[in-house]
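Peer 1: what's the 3D shape of this:
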Amino acid sequence: MDKDQALREASELLYREGLALDRQQWDGWLDLFTEDCELWIPSWVTEHEQITDPQQEISLLYLSGKSYLKERTDRVLKGFSPASVPMPRTCHSVTNILVEECSDDSMVVQSVFRVDYYHHKKCYAFFGHYSHQLVRDQDGWKIHNKRIILMNDFISEVLDVYLI
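Peer 2: Take a look at the predicted model:
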């Protein structure tokens, strides 16, 4: 696959992910992930160093497997997440998308994000860098691994999958 086509297809997937989260289309969002996916927000050890092992160190968020992503969205839908009642209104922006590696069935994609959200009559934002590992299956491109480098890691209210 050539880099231009890879960039178009990767960009579309990242945009669809943000839009699904903004519209609270949980099933559509989950459909973008592989069954054995991993979503990880490593915590910071120092101002410029993050943890390296989500199994041995404390992460801001670590979910391994689509079933755990579904568990998070189910908690929101069923009202079992008090911090998510009412659901914040979100606006995901993804920019500076760069395909670092690509083949016919996999890609490594870097990007920059900002999520603005409104909750309890206040405005908040998270921003940082995404690293996506994408794989192609019979239905198209899927997210196999999503690593989020959260630059503003002071969490004033709540942090969940729909806010990053």
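
Peer 1: going forward, measure contacts and count neighbours with C-alpha atoms only.
Peer 2: OK.

Peer 1: could I have the strand ranked longest in the chain exported to PDB, CA atoms only?
Peer 2: Among all segments of the chain classified by DSSP state E, the strand with the greatest residue count is strand 122-137. What follows is the C-alpha trace of strand 122-137 in PDB, where atoms were taken according to Å, rounded to 0.1, in the frame of the first residue of the first chain:
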ATOM      1  CA  LYS A 122     -17.600  23.600  33.400                       C
ATOM      2  CA  CYS A 123     -15.300  23.200  30.400                       C
ATOM      3  CA  TYR A 124     -12.200  20.900  30.500                       C
ATOM      4  CA  ALA A 125      -9.700  19.500  28.000                       C
ATOM      5  CA  PHE A 126      -7.300  16.700  27.600                       C
ATOM      6  CA  PHE A 127      -4.500  16.800  25.000                       C
ATOM      7  CA  GLY A 128      -1.600  14.700  23.900                       C
ATOM      8  CA  HIS A 129      -0.300  12.200  21.400                       C
ATOM      9  CA  TYR A 130      -1.900   9.000  20.000                       C
ATOM     10  CA  SER A 131       0.000   6.000  18.800                       C
ATOM     11  CA  HIS A 132      -2.300   3.500  16.900                       C
ATOM     12  CA  GLN A 133      -1.400   0.100  15.600                       C
ATOM     13  CA  LEU A 134      -3.900  -0.800  13.000                       C
ATOM     14  CA  VAL A 135      -4.600  -4.100  11.400                       C
ATOM     15  CA  ARG A 136      -6.700  -5.000   8.400                       C
ATOM     16  CA  ASP A 137      -9.300  -7.800   8.700                       C
END
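
Peer 1: Would you agree residue 112 is in contact with residue 96?
Peer 2: Yes. Between residue 112 and residue 96 there is a contact at 5.7 Å, judged by C-alpha atoms under 8 Å.

Peer 1: of the two, who's got more company?
Peer 2: For residue 112 against residue 96, the residue with the higher neighbour count under other C-alpha atoms under 10 Å is residue 112, and the figures read 17 against 11.

Peer 1: Adjacent strands (with direction) for the helix or strand hosting the more buried one?
Peer 2: When elements are defined using DSSP states H and E, residue 112 is found to belong to strand 106-119. For strand 106-119, the paired strands and their directions (DSSP bridges) are strand 89-102 (antiparallel), strand 122-137 (antiparallel).

Peer 1: Include mean pLDDT when you put those into TSV, please.
Peer 2: Output for the strands paired with strand 106-119, formatted as TSV (pLDDT from 0 to 100):
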stretch	mean pLDDT
strand 89-102	98
strand 122-137	97
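
Peer 1: Thank you kindly, that will do.
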